[in-house]
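Participant: can't give you the sequence, but here's the structure:
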């Protein structure tokens with residue numbers, strides 16, 4: 001397939017390089033297309049046809065071309081698979097980041113509640129100390145009256 005593309009590419013380049021005139025002489029045509037025709041003949045000589053079958057064995061360079069295409073295709077599949085895995089990991093990362101952010105918000109709220117509780121505990125301790133002082137004064141007054 002690649003060799004066929006190469007041949008047609010050469011034919012096209014030969015056609016483009018010929019000045020367009022009303023008529024081509026057969027000599028002009030032979031000059032431009034003989035190299036292409038000889039390459040086609042060489043490809044045909046390099047191919048071995050099987051008996052009673054349309055299958056044929058390609059020359060080594062065609063096998064290399066197919067091998068290269070297969071390797072490229074496998075690399076592309078691997079790349080697409082890796083890209084899919086990266087997207088999944090990115091999605092998982094985003095999901096986990098949202099969970100962490102939610103937990104951080106919850107933790108901050110809990111720390112705020114703890115802070116308020118500490119303030120209330122300190123206020124209650126202060127009140128308790130004042131009550132204890134008042135109780136001591138009251139007891140002292142009662143003892144003083146006896």
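Facilitator: That came through fine. All of these numbers come straight from a predicted model, not from anything done at the bench.
Participant: can you pull out the helices in this protein?
Facilitator: All helices of the chain, identified by DSSP state H, fall at 2-17, 26-46, 60-145.
Participant: Let me know the average pLDDT across the longest one.
Facilitator: What that stands for is helix 60-145. The pLDDT scores in helix 60-145 average 89.
Participant: Packing partners of that helix?
Facilitator: helix 2-17 (3 or more CB pairs under 8 Å, 6 or more residues apart in numbering; DSSP states H and E). Glycine gets a C-beta too; all of them are placed from N, C-alpha and C.
Participant: If we use 10 Å, what do you get?
Facilitator: Identification of packing neighbours for helix 60-145 by 3 or more CB pairs under 10 Å, 6 or more residues apart in numbering; DSSP states H and E yields helix 2-17, helix 26-46.
Participant: any idea how far residue 73 lies from residue 66?
Facilitator: Using CB to CB, to the nearest Å, one gets 10 Å for the distance from residue 73 to residue 66.
Participant: Of these two, give the one with the bigger neighbour count.
Facilitator: Legend: neighbour count by other CB atoms under 10 Å for residue 73 and residue 66, higher for residue 66 (13 against 10).
Participant: That one and residue 84: what is the separation?
Facilitator: 27 Å.
Participant: can you check residue 125 too?
Facilitator: 61 Å.
Participant: swap in residue 145?
Facilitator: 91 Å.
Participant: out of those two, which sits in the busier spot?
Facilitator: Neighbour comparison, residue 145 and residue 84: the larger count goes to residue 84, with 10 against 6 (by other CB under 10 Å).
Participant: And the more buried one, how close does it get to residue 90?
Facilitator: Distance from residue 84 to residue 90, by CB to CB: 11 Å.
Participant: what do you get for residue 145?
Facilitator: 82 Å.
Participant: same check, this time on residue 139
Facilitator: For residue 139, the distance to residue 90 - CB to CB - is 72 Å.
Participant: Could you count how many residues lie near residue 124?
Facilitator: Residue 124: 10 neighbours (other CB under 10 Å).
Participant: Give me the neighbour count for residue 74.
Facilitator: Residue 74 has 10 nearby residues by other CB under 10 Å.
Participant: Looking at residue 12 now. What's its pLDDT?
Facilitator: Residue 12 is given a pLDDT of 56.
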